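Asker: When you get a sec, could you give me coordinates for this:
(one chain, ligands or ions: 1)
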Amino acid sequence: MKRLTAEDLKARMTTYINTTYRLDVKEATEEEVFYALAAVVNEQVKPLWDKTNERYKSEQTRQVYYLSMEFLIGRLIESNLLNLGMLKEANQALQELGFQAEDVFTVEQDAALGNGGLGRLAACFLDSLASLNYPGHGYGIRYRYGLFEQRIIHGNQVELPDYWLKKPYPWEVRREEEACVVQFQGIVRMHQRRNGSLEINHEHTDKVLAVPYDVPVIGYENETVNTLRLWSAEPVSGAPDNSGDQEEFYHHLDFEHSIEQLSGFLYPDDSSYEGKELRLKQQYFLVSASVQNMIKQFKKNYRLSSKHFPEKIVIQINDTHPSLSIPELMRILMDEEDLGWDEAWEITTRVFAYTNHTTLSEALETWPIAMMQKLLPRIYMIIDEINERFCQGIWFDHKEKRDKIPELAIIADEQVHMARLAIVASFSVNGVANIHTEILKKKEMKEFHELYPERFNNKTNGITHRRWLMQVNPKLTSLIQDIIGDQWVKRPKQLISLLRFQHDKDVLEQFAKVKNENKLALANFIHQQMGITVDDQSIFDVQIKRLHEYKRQLLNVFHIIYLYNELKENPNLDMTPRTFIFGAKAAPSYHLAKEVIKLINTVASIVNYDKDTKGKLKVIFLENYNVSLAEKIIPAAEISEQISTASKEASGTGNMKFMMNGALTMGTMDGANVEIYDLVGEENMFIFGLRAEEVLDYYQHGGYHARDIYNKDDRVRRILDQLNNGEFGTHDIEFKDIYYNILYHNDPYFVLKDFEPYIEAHEYAESVYRDKMKWQRMSLINIAHSGKFSSDRTIQEYVNDIWKINPT
Ligand code: 6GP
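Answerer: Numbering: from 1, shown residues only. All right, here's what the predicted structure looks like:
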């Protein structure tokens, strides 16, 4: 494919603007220029996309499908341009046409079809699959409303709907010819055929039309374009018949009305389970449409019988949310392809692989039997049968586990346990960082691990360095290129050759310069957004992620309050100025999380305007944290706060993005922090706090008493009393819930326990920061080791161990 030069781009955009809007470029708005640029990109993509699909078809390629309720793709314009090898050219073209590239790029809506880590991981995986030439595609839902838009009003989070499709979305293509019908409710009738086999008829169902919208997933400079297929729910055509039963007719009207909701909005819950009927409907809508579509394509392209399905198809399910795909495949194989149970089960259990993303008990999905029976009667029957056979298998073949049946059974306590279903039917079960997989094997899924040890494996997460280094941090990228060339672009592990320069003062100074420029850019952005001036010489200390108790933004705020109290006591305190930057959305119904947002903003409003802090302390809460905001913040960060209660953060992926951009991790030994530690060593990060075993031991055996710390440690007592007596509020009850949770619910996430070690780790970090060269050396060592955390490495491991697909 011929790469377009800046001249070509200008010419094509100009033509588009002339013909589509009948305008001269000079008269065009940023929006019109954006659509022109997107159209030029699409023109380039079209032949590559077609060719990729033809190749997969003609080579009868084995393919992987990544099934996920979330794809947090953010804006695509820049990463599409980067992967097509035209980002620099586009920047130049826009400039020469008289536009600010950033103003044009930000016309695109940030597609927030995901909550946090799990959704962003899915997006990075698609990028890596395409960039490594692998046949791998995503299936998801085209939510009309993505994750809510967050406003901060008087310190409180307020949620607004995110109607991201209000302007046309240039990347999607509606593929009506691929639409299919998904059925809910109804009555299942069984007839015995003459030959004794059963015929299943599922009648009087509510039908929904699933219409796919395809988004191209462009590989990095390799001409591969895969597909992210997003389903939209629409009424099945034709007016309902009202000549018959009136009750049925009105039910039908009601149902038609409710269809919109199926792909209406993304549930705003991160790492927690939302047990609503609509959510269950959405899950089935996704998996039924996707599995039907896979089978249809499989038959059309490969002309093989369904027995060969597992040879050509592997399905990765992103947590349990899409696990109904298991009974759905069984249903299609038995009811539509006329296979018997054993054959269908043999096929199904060779197709699915399941990734677990959290051990938080509140995230374990279960559905009430009654709800599932009513909504998905045939699917429930199949799960019931899977369960029956599974339990019998234990009873007869694993006598030693008979007494464990209640904790193993898929259906127990009136609930369907989705993780159990996923484990029983998958040939692979993986966690997302070493420590997480070990906890699954030894604790959460111990019994299953003993039954099926060979199924369990680890796949430590990764992020795409194309977006999270090359795209977001062009200055650092070109500096690295100047120093070690560009081999690392295709092989990120080669970043390791930076280590040769760790004692080169010149090089370290150049790194410092880039960081300073990025800090200045962020400082300007903050000023423009919030009118607050931050000192670009201060330490930029950042915690951006979903707001959750286990992630412990509260510990961070306690440290800030502590510093503030110190400064009040001694305004001349010799302290390196700090800027603490936060970004976080809380689930709208998560009261304590919202209280923490309020606290951060309240502390900010006090600290930022107090003369005694003499500009040494600033607290910034940037509203509406999303992918685009992360892209702005990460290149400027110096300290990356990864301070979850050990054992709680399955992996974390923000930690990797910061490391790759030269920030030093302030963290607990949790998730992938442990693997960062294994690479860079304790001397190149700031590790503190309880270890996972200690936390798990406290949970199991008790022995932790938050109140003892409150009684003993004046600093802690002072802070908690400030929360309780209204010093940080307009009225004195504002932060009582936080206070009560710590003292009366015994501080479930060990904030007080880790307070002292956290303060010490920060004091140590501050002392290191005074030695600029040392800091830069540590930063360089982190960048050098960050290649391991490229999602290319992760995808290669999935390919080798689970998917067994070949690059084309
Ligand atoms: C998240 C985990 O909390 C995070 O640690 C991990 O890095 C990420 O998944 C990707 O694996 N989990 C979720 O976002 C979630 O919703 C059900 O889990």
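Asker: Return the backbone torsion pair for residue 585.
Answerer: phi -110, psi 140 (degrees, to the nearest 10).
Asker: need the contact list for it.
Answerer: Residue 585 is in contact with 147-148, 150, 157, 268, 546-547, 624-625, counting by Cβ atoms under 8 Å, 6 or more residues apart in numbering. (Glycine included, C-beta is placed from N, CA and C.)
Asker: Could you give me the buried positions within stretch 102-109?
Answerer: Buried residues in stretch 102-109, counted by 16 or more other Cβ atoms under 10 Å: 104-105, 107-109.
Asker: ok, back up a step: just the buried ones from the contacts of residue 585?
Answerer: 147-148, 150, 157, 268, 546-547, 624-625.
Asker: ok, the residue in the chain that the ligand sits nearest to - how many residues close by?
Answerer: Closest approach between the chain and the ligand, counting by Cβ to the nearest ligand atom: residue 117, at 2.8 Å. Using other Cβ atoms under 10 Å, residue 117 has 25 other residues around it.
Asker: list the contacts for the residue nearest to it when sequence neighbours are not counted?
Answerer: Leaving aside its chain neighbours, residue 117 sits nearest to residue 653 (5.5 Å; criterion: Cβ to Cβ, 6 or more residues apart in numbering). Residue 653 is in contact with 117, 120-121, 124, 461-463, 672, counting by Cβ under 8 Å, 6+ apart.
Asker: how does the chain divide up, domain by domain?
Answerer: 1-59+79-109, 60-75+110-461+796-803, 477-699+751-787 (automatic domain parsing).
Asker: Including secondary structure, could the contacts of residue 653 go into JSON lines?
Answerer: Converted to JSON lines, these look like this (DSSP: H, G, I helix; E, B strand; the rest coil):
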{"residue": "117", "secondary structure": "helix"}
{"residue": "120", "secondary structure": "helix"}
{"residue": "121", "secondary structure": "helix"}
{"residue": "124", "secondary structure": "helix"}
{"residue": "461", "secondary structure": "coil"}
{"residue": "462", "secondary structure": "coil"}
{"residue": "463", "secondary structure": "strand"}
{"residue": "672", "secondary structure": "coil"}
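Asker: Any chance of CSV for those, columns pLDDT?
Answerer: Shown next, in CSV, are those (pLDDT from 0 to 100):
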residue, pLDDT
117, 98
120, 98
121, 98
124, 98
461, 98
462, 98
463, 98
672, 98
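Asker: Narrow the residues you listed to those that are buried.
Answerer: Applying 16+ other Cβ under 10 Å to the contacts of residue 653 flags 117, 120-121, 124, 461-463, 672 as buried.
Asker: lowest-pLDDT helix or strand in the protein?
Answerer: helix 246-262 (a mean of 82; mean pLDDT, DSSP states H and E).
Asker: and the helix or strand that comes right after that one, how far from the chain's centre?
Answerer: Next in sequence after helix 246-262, counting helices and strands by DSSP states H and E, comes helix 277-302. Centre-to-centre, helix 277-302 and its host chain are 22 Å apart (Cα atoms, centre = their mean, to the nearest Å).
Asker: Now do helix 277-302 and helix 246-262, the angle between them.
Answerer: Helix 277-302 runs at 80 degrees relative to helix 246-262, counting by axes from the mean of the first three to the mean of the last three Cα atoms, to 10 degrees.
Asker: Can you list the buried residues in stretch 404-414?
Answerer: 404-405, 408-412.
Asker: what does that stretch rub up against?
Answerer: With Cβ under 8 Å, 6+ apart, stretch 404-414 has contacts from 368-370, 383-384, 386-387, 390-391, 394-395, 401, 416-417, 420-421, 424, 447-448, 451.
Asker: same deal with stretch 482-494?
Answerer: Taking Cβ under 8 Å, 6+ apart as the rule, stretch 482-494 contacts 465, 470, 480, 495, 497-498, 501, 507, 786-788, 790, 792-793.
Asker: Of those residues, which belong to helices?
Answerer: 465, 480, 507, 792-793 (DSSP state H).
Asker: State which helix of this structure is the longest.
Answerer: From DSSP H, the single longest helix across the chain is helix 30-58.
Asker: Let me know the angle separating the helix or strand following that helix from helix 30-58.
Answerer: Note on helix 30-58: by DSSP H and E, the next helix or strand toward the C-terminus is strand 63-67. For strand 63-67 against helix 30-58, the angle by the same axes, to 10 degrees is 130 degrees.
Asker: Show me the strands paired with strand 63-67, marking each as parallel or antiparallel.
Answerer: When pairs are called by DSSP bridges, strand 63-67 turns out to pair with strand 136-141 (parallel), strand 313-318 (parallel).
Asker: That one and the ligand, any residue contact?
Answerer: No - judged by Cβ under 6 Å from any ligand atom, strand 63-67 and the ligand are separated, with a smallest distance of 12.8 Å.
Asker: Can you tell me what sits against that strand?
Answerer: 56, 122, 125-126, 129, 134-140, 286-287, 290, 294, 312-318, 322, 325, 798, 803, 805.
Asker: Tell me which other helices or strands the helix or strand following that strand touches.
Answerer: Counting by DSSP H and E, the next helix or strand C-terminal to strand 63-67 is strand 71-74. Applying 3 or more Cβ pairs under 8 Å, 6 or more residues apart in numbering; DSSP states H and E, we find strand 71-74 packed against strand 111-113, helix 117-131, strand 225-235, helix 627-633.
Asker: Quick one: mean pLDDT for the first one?
Answerer: Here the mean pLDDT over strand 111-113 is 98, rounded to a whole number.
Asker: How about the last one?
Answerer: When the per-residue pLDDT values of helix 627-633 are averaged, the result is 98.
Asker: chain center to it: distance?
Answerer: For helix 627-633, the distance to the chain centre is 14 Å (Cα atoms, centre = their mean).
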